[in-house]
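With the sequence up front, the predicted model follows.
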Amino acid sequence: MTNTKNKLERIAKSIASTGYCSRRAAEKLISMGKVRVNEKLILTPAYFVSKNDKITIEGSLIRNKKHTELYIFHKPKGVIVSKNDPQNRKTIYSYLPHNLQELHYIGRLDYNTEGLLLLTNNGKLKRYFELPINKIERIYKVKVHGNLERLNKDNLLKGITINNVKYGPIYIDILEKKEKISWLNLKLYEGKNREIRKIMEYYNLFINDLIRIKFGPFSLNNLDRGKIIQIEEKKLKIFLKNIGDF
């Protein structure tokens, strides 16, 4: 029986937080009759557990990770952010060592975008970064082709609507301006699907290079393409303490 003195959470969420699989995959395992709590078969994701409950999947006990891990990966252009690709294109997992294959990616970068991608073993942390309500800062370096005079920085600061999609404020710094090719820094807080590409197209600016250089307090710095580094434990602990409930 679940101990009500401890904090309760839905079973799929609890499984995902261990890094075993995503919440959606956990729900599927539950519906398939592969999950038990304290030896009791669970067939609904609307079941709450505490940290003291023993969850088994196909007879194997799953355990919470002792420590949250967070990594920075420099995703190259021409790589898919996914476990598998139906078109057999290279995915980010092609670059990861065997012991890091179970990491969750946080958000996505599209096929032609490179730069900082965060990976973690903590499903709860992944959700924190991805929830728009948390307004996590993202900074991109963008090389565009076209006339910058068309770019309305004031409107972008207020947020604009394109094809019935509302985009939040975007802050733009012009790093280098030439007749046809310019480099920009863009700071935003939502990260909707292909957001920067759609906004640049709206102003008749065409992207040659799009690189995410910062996500939250974490920066790409000089990390080479295709390489991964772990966030120092001390720095990560400070971050987790500041955001709370981790």
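Thanks, I have the structure now. Numbering: from 1, shown residues only.

Select the longest strand from this protein.
strand 206-215 (DSSP state E).

right, and the helix or strand after that strand?
strand 218-219 (DSSP states H and E).

Which residues does the following helix or strand past that next one contact?
Later in the chain than strand 218-219, the nearest helix or strand by DSSP H and E is strand 228-230. Strand 228-230 has contacts (C-beta atoms under 8 Å, 6 or more residues apart in numbering) with 69, 70, 71, 72, 73, 74, 95, 96, 100, 119, 223. The C-beta positions use only the backbone N, C-alpha and C, and glycine is treated the same way.

Among these, name the buried ones.
Among the contacts of strand 228-230, the ones that count as buried by 16 or more other C-beta atoms under 10 Å are 69, 70, 71, 72, 73, 74, 95, 96, 100, 119.

Could you pull up the residues touching the fifth one?
With contact taken as C-beta under 8 Å, 6+ apart, residue 73 is in contact with 92, 95, 96, 116, 117, 118, 119, 227, 228.

measure residue 185 to residue 229 for me?
Counting by C-beta to C-beta, to the nearest Å, the gap from residue 185 to residue 229 is 23 Å.

more crowded one of these two?
Using other C-beta atoms under 10 Å, the more surrounded residue of residue 185 and residue 229 is residue 185, with 15 against 11.

Over to the more buried one. Which of the three states is it?
Using DSSP: H, G, I helix; E, B strand; the rest coil, the structure places residue 185 in strand.

was I right about it contacting residue 138?
No: if you go by C-beta atoms under 8 Å, residue 185 and residue 138 don't touch, sitting 11.3 Å apart.

in the sheet, who's paired with the residue most central in space within the chain?
Centre of the chain computed as the mean C-alpha position; nearest residue by C-alpha atoms, centre = their mean is residue 106, 1.7 Å away. Counting by DSSP bridges, residue 106 is bridged to residue 118.

tell me the contacts of it?
Shown in contact with residue 106 (C-beta under 8 Å, 6+ apart): 117, 118, 119, 120, 125, 126, 129, 130, 215.

I figured the third one hits residue 68, correct?
No: taking C-beta under 8 Å as the contact criterion, residue 119 and residue 68 are not neighbours in contact, 11.8 Å apart.

Can you get me a residue count around residue 241?
The number of residues near residue 241, taken as other C-beta under 10 Å, comes to 9.

before we move on, could you check phi and psi at it?
For residue 241, the backbone dihedrals are phi -70, psi -40 (criterion: degrees, to the nearest 10).

Would you quantify the distance from it to residue 235?
From residue 241 to residue 235 the distance is 11 Å (C-beta to C-beta).

that older thread, ok, so of the contacts of residue 73, who is nearest residue 155?
Closest to residue 155 out of the contacts of residue 73 is residue 116 (27.2 Å), distances taken as C-beta to C-beta.

Just give the closest residue to that closest one, not the sequence neighbours.
residue 220 (4.2 Å; C-beta to C-beta, 6 or more residues apart in numbering).
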